[in-house]
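any chance you could fold what I've pasted below:
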Amino acid sequence: MTRTYELGLVIEPRQSDETVLEIVAKYRDMIAASGGTVTAEDNWGRRKLAYPIRKFNEGKYVFLFVASEGSVTWTDIERNLMQNEAILRYLVVRTDLDLKRAATKAKKRKKPAQIEESEP
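A predicted model of the protein is given here:
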């Protein structure tokens, strides 16, 4: 079963675009080394933060979409994310469970409609 994840990074705004690309490449390589593949990358650029983090009012947002057959060992990746001074915040979300729940709800909605059609 393929598991899908979304990794969101908020990087310091004073980092150059080249540095941001290097940071993203580093974590892309770490994900590949742990058994996952980065299916998509979404760079939002510089955005205003909802509240100041380490006296920064803005951050550079990058999202990586990851797929893996087994479970990616996120402990090593998260430890490196915490130790990296250039990263203000990060979040890893497993998204395949949400897709599975949505598919289950869609099936439940279709079943009553099929029953009503067969009764008359």
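
buried sites along stretch 17-35?
Applying a neighbour-count criterion of 16 or more other Cβ atoms under 10 Å, one finds Val20, Ile23, Val24, Tyr27, Arg28, Met30, Ile31, Ser34 buried in stretch 17-35. (Each C-beta comes from the backbone N, C-alpha and C, glycine too.)

those in helices, which ones?
Val20, Ile23, Val24, Tyr27, Arg28, Met30, Ile31 (DSSP state H).

tell me the least confident of the buried residues of stretch 17-35?
Lowest in pLDDT among those is Ser34, which has 90.

which of the buried residues of stretch 17-35 lies closest to Glu41?
Val24 (6.8 Å; Cβ to Cβ).

show me the contacts for the closest one.
Leu9, Glu41, Asn43, Val62, Leu64 (Cβ atoms under 8 Å, 6 or more residues apart in numbering).

the fourth one and Ile77: what is the separation?
When you say that, I think you mean Val62. From Val62 over to Ile77 the distance is 14 Å, taken as Cβ to Cβ, to the nearest Å.

which elements pack onto the longest strand belonging to the chain?
Across the chain, the longest stretch assigned as strand under DSSP state E is strand 36-53. Other elements packing on strand 36-53 under the criterion 3 or more Cβ pairs under 8 Å, 6 or more residues apart in numbering; DSSP states H and E are strand 3-11, helix 17-33, strand 56-68, strand 87-94.

among the contacts of Val24, which ones are buried?
Of these, these count as buried by 16+ other Cβ under 10 Å: Leu9, Val62, Leu64.

can you give me how far the longest strand of the chain is from the chain middle?
In terms of Cα atoms, centre = their mean, to the nearest Å, the centre of strand 36-53 is set 9 Å apart from its chain centre.

over to stretch 82-99?
6 Å.
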